[in-house]
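Trainee: below is the sequence, then the predicted model.
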Amino acid sequence: METTLSIPELRRLATEVRKDALRSITAAGSGHPGGSLSAADIMTALYFRCANLPSPTDPDRDRIFWSKGHIAPLLYTLLAYKGFFPKEELMTLRRFGSRLQGHPKKGSPPGVETSTGSLGQGLSVAVGCAYAARYDRLPVRSYCLTGDGELQEGQIWEALMAGAHFQLDNLCAIIDNNGLQIDGKCSEVMCIDDVGARLRAFNWHVISIDGHDMGQCVDALEEAKTVKGRPTAIVAHTIKGKGVSFMENVAGWHGKAPTQAELEQALAELDAQEEANDGNPA
Amino acid sequence: MATPHKDVLGTLEGKATRFGYSDALLMLGASDPRVFVLDADLAKSTTTERFKAAYPDRFIDCGIAEQDMVGIAAGLSLMGKIPFTSTYGTFMVNRALDQIRVTVAYAELNVKIIGAHGGISVGPDGATHQALEDLGTMRMLPHMTVINPCDAIEARKATLAVAAMQGPTFIRLGREPVPIVTDDDTPFVIGRGITFEDGDDVTIAATGSMVYEALLAHEELARAGIHARVLAVHTIKPIDRDLLVQAARETGAVVTAEEHQVMGGFGSAVAEVLVQECPVPMEFVGVHDRFGESGTPDELLTAFGCRHTDIEAAVSRVMKRKR
């Protein structure tokens, strides 16, 4: 039985996770830091407090699908911190022969529920998983992390239709709403605002939060568990590159590795924030 | 060697392979509670409505959303179900190709993908609805098993066989009735072709609906004193290398026949084997790099070169090149 982590503990953990995700991307020389940092808080809350995930093979575990597969460094770091594989392996990210592929491959390492990377596909998988879990009366909840730019994929809206049509209240979509995509601002590339209004129009229960407020992240994930008769979408308003000053809100850090010097600066900034946080426990 | 149903030669009575599929689904519905059937608003055409009527709680209509259907099937399979996704082959394979590639094949999920309405014989609906690239596209995907049954009985056996194996599979079905050329005792093993007629002059390797045409060609050629070996090859991938190589070695010339583009399809799969292991002159009967069009199945099969007469002409060409 895991102990429940407090909000300050989760916050500290999210900082450590950010640091290791950045270390692995730097070692790889390529990867996706921006989204790994923006989604770090809510995914830490999910993996370490709100989801039931005692082991990567427990039949009753909650299933978490990473539709935005490019932020694999965050996924791998969380799985390593869960103890599903050795942390040292994080430094093999994207290397030939590594289990840590550039985009997630099912079961590689343990805890990667399925293969993703071509955007827009994960929510449909989460729908199918939730459907089967309900059919079998399992306590399994099905989660799916998507980006906001990813909502431009048509298949997402097919899956949103299906999730509501099948009234899957064991299904929860988490939208990492960081406002940026490779070519610039989502609102300028292909506007998907207002995300919450669009999701409500598809008959989902929508919770909008500050995706960097750990308390709000936990509360939203817990609220989703209580909703009946329809799926929940958590629109987590986040900052791409969150926690590293020179990466924040810069589209160019979507898919670029920091240099060693940039990494040092990023780690120092994250450490400084952690110390500041420790001085002001929530 | 298996014996084809001799009585059917020269008749046009038969049954569409899509009904063999739902015959099997009904059996599976009763025998295996893990079996789910998904459709994309074509349950009548694909014949999955028969399963829906019998097992409504394990039938999911995904609406006109093929990509989502593949993803939902993937999610079901991750929870231990055996999902069959069903729609027209061209929408299945072409529209949802990336979903089949990344979500299903790369992850090696146990999803059974069914492409109905394969081939030019779909008829009046025209090119948009005639799957002519499905077999080739599917056989390029790693981990994918690809099966093209020749009649409704073989379609039934193929469906049962893929349910019993682990991993992604594709089965092509046809819209039009085709003569029954196998029976309950004809062996069906995934990856093993069937020798229907023995002969040493030339090999006709046929798949799907073209097996019947190959048998007609065999009869016609026999009258002219040419003894053709007829191989019925339901599994395009993994293909039966041993059977093909032996036939090429013993007959010295091979004609392939498929209701599909010859580029990248069954004939290509056969050629890939033979060119490495036993190169012999080959001819390819099938659709040659063009889209289909509207017409009756009969008109189209003739216009697009998918008749026994086309096989006979190919045999005559290939035998002239025999060394």
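Mentor: Happy to help now that I have it. Keep in mind the model is a prediction, meaning the values are calculated, not measured.
Trainee: export the longest helix anywhere in chain A as CSV, just CAs?
Mentor: Using DSSP state H to define each element, chain A has its longest helix at helix A:7-28. What follows is helix A:7-28, C-alpha atoms only, in CSV (Å, rounded to 0.1, in the frame of the first residue of the first chain):
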residue,chain,number,x,y,z
ILE,A,7,0.5,18.5,-2.2
PRO,A,8,3.9,19.9,-1.3
GLU,A,9,5.4,16.4,-1.7
LEU,A,10,3.8,16.1,-5.1
ARG,A,11,5.1,19.5,-6.0
ARG,A,12,8.7,18.5,-5.0
LEU,A,13,8.3,15.3,-6.9
ALA,A,14,7.2,17.1,-10.0
THR,A,15,10.3,19.2,-9.9
GLU,A,16,12.5,16.2,-9.6
VAL,A,17,10.6,14.6,-12.5
ARG,A,18,11.2,17.7,-14.6
LYS,A,19,14.9,17.6,-13.9
ASP,A,20,15.3,14.0,-14.9
ALA,A,21,13.2,14.4,-18.0
LEU,A,22,15.5,17.3,-19.0
ARG,A,23,18.6,15.3,-18.2
SER,A,24,17.4,12.4,-20.4
ILE,A,25,16.6,14.7,-23.3
THR,A,26,20.0,16.4,-23.0
ALA,A,27,21.7,13.0,-23.0
ALA,A,28,19.8,12.0,-26.0
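Trainee: quick check: buried residues in it?
Mentor: By neighbour count with 16 or more other C-beta atoms under 10 Å in any protein chain shown, helix A:7-28 contains the buried residues A:7, A:10-28. Glycine gets a C-beta too; all of them are placed from N, C-alpha and C.
Trainee: what's the answer for stretch B:245-252, then?
Mentor: For stretch B:245-252, a neighbour-count test (16+ other C-beta under 10 Å) marks B:245-248, B:251-252 as buried.
Trainee: could I get the residues you listed in JSON lines, plus columns for distance to B:Y55?
Mentor: Conversion of the buried residues of stretch B:245-252 to JSON lines gives the following (distance: C-beta to C-beta, whole Å):
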{"residue": "B:V245", "distance to B:Y55": "43"}
{"residue": "B:Q246", "distance to B:Y55": "43"}
{"residue": "B:A247", "distance to B:Y55": "42"}
{"residue": "B:A248", "distance to B:Y55": "45"}
{"residue": "B:T251", "distance to B:Y55": "47"}
{"residue": "B:G252", "distance to B:Y55": "51"}
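Trainee: ok, so of the residues you listed, who is nearest chain A?
Mentor: Distance to chain A, by C-beta to the nearest C-beta, is smallest for B:V245 among these, at 34.8 Å.
Trainee: what about that closest one, distance to B:G199?
Mentor: Using C-beta to C-beta, to the nearest Å, B:V245 is found at 16 Å from B:G199.
Trainee: just checking, what packs against the helix-or-strand element of chain A with minimal mean pLDDT?
Mentor: Within chain A, no helix or strand scores below helix A:260-279, which has a mean of 92 by mean pLDDT, DSSP states H and E. If you count contacts as 3 or more C-beta pairs under 8 Å, 6 or more residues apart in numbering or on different chains; DSSP states H and E, helix A:260-279 packs onto helix A:7-28.
Trainee: surely A:W157 is in contact with A:F202?
Mentor: Yes - A:W157 is in contact with A:F202 according to C-beta atoms under 8 Å; the separation is 7.3 Å.
Trainee: surely A:K19 meets A:A268?
Mentor: No - here A:K19 does not reach A:A268: they are 10.2 Å apart, not a contact under C-beta under 8 Å.
Trainee: so where do the helices sit in the chain?
Mentor: Going with chain A. Under DSSP H, chain A gives helices at A:7-28, A:33-38, A:40-45, A:72-82, A:122-135, A:154-165, A:186-189, A:195-201, A:214-226, A:260-279.
Trainee: my question was about chain B, not that one.
Mentor: Taking DSSP H to define them, one finds helices in chain B at B:17-31, B:43-46, B:49-54, B:66-78, B:89-90, B:97-98, B:134-139, B:152-164, B:210-223, B:241-251, B:266-277, B:297-303, B:308-320.
Trainee: of these, which is nearest chain A?
Mentor: Of all these, it is helix B:66-78 that lies closest to chain A, at 2.2 Å by C-beta to the nearest C-beta.
Trainee: and chain A, which residues reach chain B?
Mentor: A:63, A:105-106, A:113-118, A:120-133, A:135-136, A:138, A:140, A:142, A:154-155, A:158-159, A:161-162, A:165 (C-beta under 8 Å from any C-beta of the partner chain).
Trainee: check contacts around the residue nearest the centre of chain B.
Mentor: Centroid-nearest residue in chain B: B:N148, 1.6 Å away (criterion: C-alpha atoms, centre = their mean). If you count contacts by C-beta atoms under 8 Å, 6 or more residues apart in numbering or on different chains, B:N148 has them with B:118, B:135, B:171-172, B:207-208, B:234, B:236, B:258, B:266.
Trainee: low-confidence ranges, the stretch 151-282 of chain A, go.
Mentor: Residues of the stretch 151-282 of chain A meeting the criterion pLDDT under 70: A:279-282.
Trainee: about what we covered before: tell me the most buried of the helices of chain B?
Mentor: helix B:66-78 (a mean of 31; mean count of other C-beta atoms under 10 Å in any protein chain shown).
Trainee: quick check: mean pLDDT across that one?
Mentor: For helix B:66-78, mean pLDDT is 98.
Trainee: check which helices and strands that helix sits against.
Mentor: Helix B:66-78 packs on helix A:122-135, helix A:154-165, strand B:35-39, strand B:82-88, going by 3+ C-beta pairs under 8 Å, 6+ apart.
Trainee: model confidence for the residue nearest to B:V35 when sequence neighbours are not counted, exactly?
Mentor: Among residues not flanking B:V35 along the chain, B:L28 sits closest, at 4.5 Å (C-beta to C-beta, 6 or more residues apart in numbering or on different chains). Here, the pLDDT recorded for B:L28 equals 98.
Trainee: now distance to A:V235 too, for the helices of chain B, in JSON lines please.
Mentor: Output for the helices of chain B, formatted as JSON lines (distance: least, C-beta to C-beta, whole Å):
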{"stretch": "helix B:17-31", "distance to A:V235": "40"}
{"stretch": "helix B:43-46", "distance to A:V235": "35"}
{"stretch": "helix B:49-54", "distance to A:V235": "36"}
{"stretch": "helix B:66-78", "distance to A:V235": "21"}
{"stretch": "helix B:89-90", "distance to A:V235": "37"}
{"stretch": "helix B:97-98", "distance to A:V235": "26"}
{"stretch": "helix B:134-139", "distance to A:V235": "37"}
{"stretch": "helix B:152-164", "distance to A:V235": "41"}
{"stretch": "helix B:210-223", "distance to A:V235": "54"}
{"stretch": "helix B:241-251", "distance to A:V235": "54"}
{"stretch": "helix B:266-277", "distance to A:V235": "48"}
{"stretch": "helix B:297-303", "distance to A:V235": "51"}
{"stretch": "helix B:308-320", "distance to A:V235": "59"}
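Trainee: and the buried ones among the residues of chain A next to chain B, selectable in ChimeraX?
Mentor: Buried residues within those, by 16+ other C-beta under 10 Å, are selected in ChimeraX with:
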select /A:63,105,106,113,114,115,116,117,118,120,121,122,123,124,125,126,127,128,129,130,131,132,133,135,140,142,155,158,159,161,162
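Trainee: residues touching the residue nearest to B:V35, list them.
Mentor: Counted by C-beta under 8 Å, 6+ apart, B:L28 has contacts B:35, B:82, B:159-160, B:163.
Trainee: which ones are touching residue 24?
Mentor: I'll assume chain A. Neighbours of A:S24 in contact, by C-beta under 8 Å, 6+ apart: A:31, A:73, A:76-77, A:90-91, A:93, A:100.
Trainee: you answered for a different chain; I wanted chain B.
Mentor: Neighbours of B:A24 in contact, by C-beta under 8 Å, 6+ apart: B:155-160, B:163.
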